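**Student:** predicted model follows, preceded by the sequence.
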Amino acid sequence: MTPTPGAGTGALLIHGLGGTQFDLGPLHKALRRAGVQTHAVTLPGHGSRPEDLVGVRAEDWLDTVLDAYDELVGQYETFHVMGMCLGGLLAAQLCERRQHRKGRLVTLAAPVYIDGWSTPWYRWLRYPVYRIPGLPARMRVEEDEPYGIKNDLVRAIVKAKFERGDNFHYRWVPLACVRQVDRLRGWVLRSAHRIVCPTLSMHAREDELTSLRSLRFLARSVPGIQTVALENSYHMICVDNDREQVVSTVLGFFGLSADAASPRARRQARAEVEIPMDADAVRALADDYLRALTHGQQESLFPLLEPSVRWRHQNSLLLDGSFDDRDAVIAMFAQAGAMTGGTLRIETAASPRIEGQTVELELHVSAVHEGRPVASHGVQTLRLRNGRIATVDYRGHRNDGNEGGNDGGSGDHSGVAA
């Protein structure tokens, strides 16, 4: 039998501190599409509650990845190792301990040094605190904005997941756990020069957790390493603005074609062949959109839009115009929120009118702008394509009447963000 492309190639992917496989973004799917069999581990203390990290030692994490490696490496002709953040440190240590030569190593935002722009100047005080009995187990290191993410849409989604309590990443970790990361960092600092496999290390220039000092250390310590500094991300490089560059660079480093796996290529293929949506799918998408819009849940609304969505306002005094992609729409909502001080309300009094893949919504918008109540009503038309919203057109109705209420209410009828 002729082997299929990529047959005989496997990869072990290791997540970050407090995280899950979400940390590695689209890399799992991209590698599988390119013919690589991916394997994930859940590190001890993860996948449940942050409290479970108390008492876990760096040796426990390393033993877990060593055991996974030993079980898998013999099953493949080529076997790669890759890790994000803490996972990058573990991947490096694994490859040094096993003198890995059967494949390649990728470290992603590995925090050899914890010295990024958001870390406090007094971070060195954690070392004497480690020595106080019981205190490191009780102290919490909180996960807060920007959550390691520069992209507004992804950060909004992550924030909403935290607020809902989704179990995709811990909201905090105990300081005792950070102590174990520091121990692991020490091992890598002492042994990185003994890594023998081809290595790629990627790091964001604006990483808020760990500066480019980490990348420079690896560049001078690991023989023959390739390094990439990313220009438009924070720490979580696999899900941030540079995620497509991360995927294409990793695939290229593994000797695989990035074309079929790239999100841009998949979007282009979907655009070239439009697949009609059935009535149930249209109704479900319209309901999801309307629910997000009227509940002010923009983080749930943005993923429903095509990246190239065209959003237009007509007869909207405050935000008239055209917003020509999803990033522009995100910025528009942020501007509307700033202009109205969080008072923006969008309501509908009627069910959506659906014809084919076109949806019409009657909307009433109200807010307070510059100390005055403003209001508008109008029709918003959505055109759907391949499971997402391709265009949004709002036409407001201007009246001479006073919709701002009695007792001197404003007569300014303004479509704010609908």
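**Tutor:** Yep, that arrived.

**Student:** I'd guessed residue 321 sits against residue 313; true?
**Tutor:** Yes: contact status for residue 321 versus residue 313: in contact at 6.0 Å, counting by Cβ atoms under 8 Å. Just so you know, the C-beta spots here come from the backbone N, C-alpha and C atoms, and that holds for glycine as well.

**Student:** between these two, which has more neighbouring residues?
**Tutor:** Counted by other Cβ atoms under 10 Å, residue 321 and residue 313 do not tie: residue 313 has more neighbours, with 24 against 12.

**Student:** which ones are touching residue 184?
**Tutor:** 58, 61, 62, 86, 89, 90, 93 (Cβ atoms under 8 Å, 6 or more residues apart in numbering).

**Student:** and if we set it to 7 Å?
**Tutor:** 58, 89, 93 (Cβ atoms under 7 Å, 6 or more residues apart in numbering).

**Student:** from these, which is closest to residue 288?
**Tutor:** The shortest approach to residue 288 among these belongs to residue 89, at 39.5 Å (Cβ to Cβ).

**Student:** quick check: pLDDT value at that closest one.
**Tutor:** Looking at residue 89, its pLDDT is 98.

**Student:** and it, what helix or strand is that in?
**Tutor:** Using DSSP states H and E, residue 89 sits in helix 86-97.

**Student:** residues in contact with that helix?
**Tutor:** Residues contacting helix 86-97 (Cβ under 7 Å, 6+ apart): 14-17, 61-62, 65-66, 69, 81-83, 105, 107-111, 181, 184-185, 187-188, 191-192, 194-195, 197.

**Student:** CA atoms only: put that helix into CSV for me.
**Tutor:** What follows is helix 86-97, C-alpha atoms only, in CSV (Å, rounded to 0.1, in the frame of the first residue of the first chain):
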residue,chain,number,x,y,z
LEU,A,86,5.1,26.3,30.1
GLY,A,87,4.7,23.6,27.4
GLY,A,88,7.6,25.2,25.5
LEU,A,89,9.9,24.8,28.5
LEU,A,90,8.7,21.2,29.0
ALA,A,91,9.2,20.4,25.3
ALA,A,92,12.8,21.8,25.4
GLN,A,93,13.6,19.8,28.6
LEU,A,94,12.0,16.7,27.1
CYS,A,95,14.1,16.9,24.0
GLU,A,96,17.3,17.5,26.0
ARG,A,97,16.5,14.6,28.4
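
**Student:** next helix or strand past it?
**Tutor:** Moving toward the C-terminus from helix 86-97, the next helix or strand (DSSP H and E) is strand 105-108.

**Student:** what pLDDT, on average, does whatever helix or strand comes next after that following strand get?
**Tutor:** Next along the chain after strand 105-108, taking DSSP H and E as the criterion, comes helix 126-130. For helix 126-130, mean pLDDT rounds to 89.

**Student:** how about stretch 65-78?
**Tutor:** Averaged over stretch 65-78, pLDDT sits at 96.
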